[in-house]
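> Show me how the following folds:
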Amino acid sequence: MTSRSSATQRRNSAAVHPYPNPSSVVIVLGAQWGDEGKGKLVDLLASEADIVCRCQGGNNAGHSVVVDGVEYDFHMLPSGFHLQNCVNIIGNGCVVNLPELVEEIQKNESRGVTDWSRRLFISDRAHLVFDFHKQTDGLIERGRGTGSLGTTKKGIGPTYSSKATRNGIRMIDLMGDFSIFTEKLRNLFNYYKLTFPDLEGDVEKTIEQFKQLADYFRPMTIDTVAYLNQAIIDGSKKILVEGANATMLDIDFGTYPYVTSSNCSVGGACTGLGLPPKHIGDIYGVVKAYTTRVGDGVFPTELKNEIGEHLQTRGREWGVTTGRKRRCGWLDLVLLKYTNMINGFTALCLTKLDTLDELSEIKVATTYKRNGIELPSFPASVDTMHDIEVEYVTFPGWRGRSTSECRTFNSLPHNARLYVQFIEQYLGVPVKWIGVGKDRMAMVRVF
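This is a model prediction of the structure:
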């Protein structure tokens, strides 16, 4: 008997595959140093999604979403929390401060969010942030002196350190035998107390607090890996993943050590949710029309002048989480070429174009040089960036022509269109959306 060809075998195998049409997962990622306006795009996409997921970070992140004049601030909660049609998942890659999550839930309840408890799920594998993690964060930062990293002091780094040293405590521990949880918590506190003698706190009070929190969060704590993968297999669910922070704050690819403690790039979506890469569909990079950064660290295009102050004021550039002013500078295409190389963006969302409306000219960084020689990519070490020369392309602005009422690409001022097209051509990635204001409807859909 003649054996069938391998192609025929593959076709027959596919014909009987039990999950022939799985869902493709859409991922939204920050392409700069954070604060790009990811929440607005996520809110737009979440209105058509069934599930919205956070995959990494903690409440050191911050999104603002404005709907019908009501502003919602999300830190740990996914940006679909206020939408009645959305299930919201806090994935295994996240670190969760439960007392502060309760406060965040209550704050959004006061702004009209209802029926949320059936729509919020937390991974049983997610690690817990305790008050002594926050204290430790501050002590470590203080010990760095003038070399401080400008962390949010939310305890995120120390919690990920506990995870890496394998003495961390997870949601599943809190949901299990409480006596075992209590023993683990005392041991973890004593570990930190030995390392940081100045640490304060009443571990017994924390134990009592978390006993109550266990009851509060028990209905929401599930195996999100199994839940999400079943939703993908189902094939009818629209699934959206929102990355916190941004690629230039990624623990591996960012401006180390001025980074966060997790992977904010596309790989973090896979490891932080148990998401198979083959189910990833579109990867949208969110890019501010200029560049901002909170805290310390290298910033090649920073503007320490009246233009930087103008961008800060007009763009309302202060952090949702910390309230700190953001440093501002010109758009950096060298940086964006690097983050696109890592993430493979299928399209971009360019935000806050309207912030540039009053400028007579606008610059874009296109090349880094050292001693007159062009650098091939974004440098790995910030210690080597003090002598970098940045080359710019200068564009005429569109002063006197507001973009805030524009809703189509062709209605944008001519010079604004040229600006957008140059970004697309340099990066080789299309711009799909353009943000021209704070409201959720202030968005130009290009295609």
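> From now on I want contacts and neighbour counts done on CA atoms only, so please keep to that.
Will do.
> Go ahead and confirm Asn229 touches Leu275.
Yes. Between Asn229 and Leu275 there is a contact under CA atoms under 8 Å: 7.2 Å.
> what about those two, which has more around it?
Leu275 (20 against 17; other CA atoms under 10 Å).
> quick one: secondary structure of that one?
coil (DSSP: H, G, I helix; E, B strand; the rest coil).
> Can you mark which positions in stretch 293-307 are buried?
293-295, 297-303 (16 or more other CA atoms under 10 Å).
> so which of the residues you listed comes closest to Trp433?
Proximity of the buried residues of stretch 293-307 to Trp433 (CA to CA) peaks at Arg293, which lies at 22.1 Å.
> Show me the beta-bridge partners of the closest one.
Beta-bridge partners for Arg293, by DSSP bridges, are Arg327.
> So that it lines up with my notes, have the first residue be 44 from now on.
Fine by me, first position is 44 from now on; the one you just mentioned is Arg336.
> show me the contacts for it.
The contact partners of Arg336, taken as CA atoms under 8 Å, 6 or more residues apart in numbering, are 76-78, 342, 369-371.
> just those now: which is nearest Asp325?
Gly77 (19.8 Å).
> Just read off the phi/psi values of that closest one.
With angles defined as degrees, to the nearest 10, Gly77 sits at phi 90, psi 170.
> is it true that it touches Gly286?
No. Shown here, Gly77 and Gly286 do not form a contact pair, counting by CA under 8 Å, at 9.9 Å.
> More neighbours: these two, which one.
Taking other CA under 10 Å, Gly77 and Gly286 do not tie; Gly286 has more neighbours (30 against 27).
> I'd like the distance between that one and Phe465.
26 Å (CA to CA, to the nearest Å).
> so where's the stretch 144-293 of the chain uncertain?
By pLDDT under 70, the low-scoring segments of the stretch 144-293 of the chain are 186, 188-191, 193.
> Can you list the residue ranges for helices in the stretch 194-343 of the chain?
199-207, 214-218, 221-238, 246-260, 267-277, 309-314 (DSSP state H, counting those that start in this stretch).
> tell me what the second one is packed against?
Secondary-structure packing of helix 214-218 (3 or more CA pairs under 8 Å, 6 or more residues apart in numbering; DSSP states H and E): helix 221-238, helix 246-260.
> got the ones you listed as JSON lines, with mean neighbour count and distance to Pro456 columns?
Formatted as JSON lines, those follow (neighbours: other CA atoms under 10 Å; distance: least, CA to CA, whole Å):
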{"stretch": "helix 221-238", "mean neighbour count": "15", "distance to Pro456": "57"}
{"stretch": "helix 246-260", "mean neighbour count": "15", "distance to Pro456": "50"}
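> Of all the ones you listed, which one is nearest Glu434?
That would be helix 221-238 among these, by CA to CA, at 46.5 Å.
> Give me the contacts around that closest one.
With CA under 8 Å, 6+ apart as the test, helix 221-238 has contacts from 175, 179, 210-212, 216-217, 242, 246, 250, 254.
> Just the buried ones from those residues?
Buried among the contacts of helix 221-238 by 16+ other CA under 10 Å: 175, 179, 211-212, 216-217, 242, 246, 250, 254.
> circling back: and which of the contacts of helix 221-238 is nearest to Glu152?
Lys254 (23.1 Å).
> which residues touch the closest one?
Phe221.
> Could you name the specific helix or strand carrying Ile385?
Counting by DSSP states H and E, the element that carries Ile385 is helix 376-386.
> Please identify the buried residues of that helix?
Buried residues in helix 376-386, counting neighbours by 16+ other CA under 10 Å, are found at 376-383, 386.
> so what's Ser447 up against?
397, 479-480, 485.
> what's the burial count for Ser160?
14.
> My guess is it contacts Thr264. True?
No. Judged on CA under 8 Å, Ser160 makes no contact with Thr264 at a distance of 10.9 Å.
> Quick check: phi and psi on Ser166?
According to degrees, to the nearest 10, Ser166 has phi -60, psi 140.
> So what sits opposite it in the bridge?
Counting by DSSP bridges, Ser166 forms beta bridges with Ile265.
> so it touches Ile133, yeah?
Yes. Ser166 is within contact range of Ile133, at 6.1 Å (criterion: CA under 8 Å).
> of all the buried ones among the contacts of helix 221-238, which comes closest to Phe438?
Distances from Phe438 to the buried ones among the contacts of helix 221-238, taken by CA to CA, are shortest for Thr179, at 46.6 Å.
> which element is the closest one on?
Applying DSSP H and E, one finds Thr179 within helix 174-186.
> Now do that helix against helix 199-207, angle only.
Orientation check (axes from the mean of the first three to the mean of the last three CA atoms, to 10 degrees): helix 174-186 against helix 199-207 gives 120 degrees.
> got the buried residues for helix 174-186?
For helix 174-186, the neighbour count (16+ other CA under 10 Å) marks 174-181, 183-184 as buried.
> Let me have those in a markdown table, extended by distance to Pro419.
Shown next, in a markdown table, are the buried residues of helix 174-186 (distance: CA to CA, whole Å):
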| residue | distance to Pro419 |
| --- | --- |
| Asp174 | 44 |
| Phe175 | 43 |
| His176 | 39 |
| Lys177 | 39 |
| Gln178 | 41 |
| Thr179 | 39 |
| Asp180 | 36 |
| Gly181 | 37 |
| Ile183 | 35 |
| Glu184 | 33 |
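> OK, contacts around Glu285?
70-72, 81, 85, 95-98, 121-122.
> Show me what it is bridged to.
Val71, Arg97.
> Tell me how far it lies from Ser308.
As judged by CA to CA, Glu285 and Ser308 stand 11 Å apart.
> shared neighbours of those two, which are they?
With CA under 8 Å, 6+ apart as the test, Glu285 and Ser308 both reach Leu72.
> Could you pull up the residues touching the residue nearest to Lys197 when sequence neighbours are not counted?
For Lys197, ignoring the flanking residues on the chain, the nearest one in space by CA to CA, 6 or more residues apart in numbering is Lys177 at 5.1 Å. The contact partners of Lys177, by CA under 8 Å, 6+ apart, come to 196-199, 201.
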